[in-house]
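Undergrad: all I have is the shape, not the residue letters:
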């Protein structure tokens with residue numbers, strides 16, 4: 001199972017910050033045994049303030065709204081509404 005989602009929105013002063021992350025969990029059962037594994041990786045960081053919302057990749061590259069929406073539709077508006 002794979003899920004790309006907005007993490008908790010943290011507020012500090014007039015700023016809001018949240019990460020967009022890709023989380024996945026897999027499981028396999030065989031012979032009465034269960035194996036499971038998973039991971040979580042950041043895809044973007046969103047920062048909101050008086051000047052609006054900005055986003056960056058984990059490598060520090062600026063991302064626009066279309067790039068964030070391509071990761072998970074509705075995430076930009078979800079972050080903007082959390083203010």
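TA: In hand now; what should we look at? Model, not experiment: these values are computed from the prediction. Numbers count the residues shown, from 1 in each chain.
Undergrad: for residue 76, phi and psi?
TA: Main-chain dihedrals, residue 76, degrees, to the nearest 10: phi -60, psi -50.
Undergrad: that one: what's it in contact with?
TA: Contacts for residue 76 (Cβ atoms under 8 Å, 6 or more residues apart in numbering) come out as 46, 53, 55, 65, 68, 69. Yep, even glycine has a C-beta here, placed from its N, CA and C like the rest.
Undergrad: measure the residue sitting furthest away from the middle of the chain to residue 69 for me?
TA: Distance to the chain centre peaks in the chain at residue 31, reaching 36.3 Å (criterion: Cα atoms, centre = their mean). Residue 31 is 44 Å from residue 69, where distance means Cβ to Cβ, to the nearest Å.
Undergrad: other SSEs contacting the helix or strand that contains residue 34?
TA: Using DSSP states H and E, residue 34 sits in strand 33-49. When contacts are defined as 3 or more Cβ pairs under 8 Å, 6 or more residues apart in numbering; DSSP states H and E, strand 33-49 packs onto strand 15-30, strand 52-56, helix 65-71, helix 75-81.
Undergrad: got the buried residues for the third one?
TA: By neighbour count, and taking 16 or more other Cβ atoms under 10 Å as the criterion, the buried residues in helix 65-71 are 68, 71.
Undergrad: and if you look at the first one?
TA: Residues of strand 15-30 classed as buried by neighbour count (16+ other Cβ under 10 Å): 16, 17, 18, 19, 20, 21.
Undergrad: can you check the second one too?
TA: For strand 52-56, the buried set under the neighbour-count rule, 16+ other Cβ under 10 Å, comprises 53, 55.
Undergrad: quick check: can you name the pairing partners of it and their directions?
TA: The strands beside strand 52-56 in its sheet (DSSP bridges) come out as strand 33-49 (antiparallel), strand 62-63 (antiparallel).
Undergrad: quick one: low-confidence ranges for the chain?
TA: Within the chain, the stretches with pLDDT under 70 are 83.
Undergrad: ok, now with 90
TA: For the chain, the stretches with pLDDT under 90 are 82-83.
Undergrad: give me the residue at the spatial middle of it.
TA: With distances taken as Cα atoms, centre = their mean, the residue of the chain nearest its centroid is residue 20 (1.1 Å).
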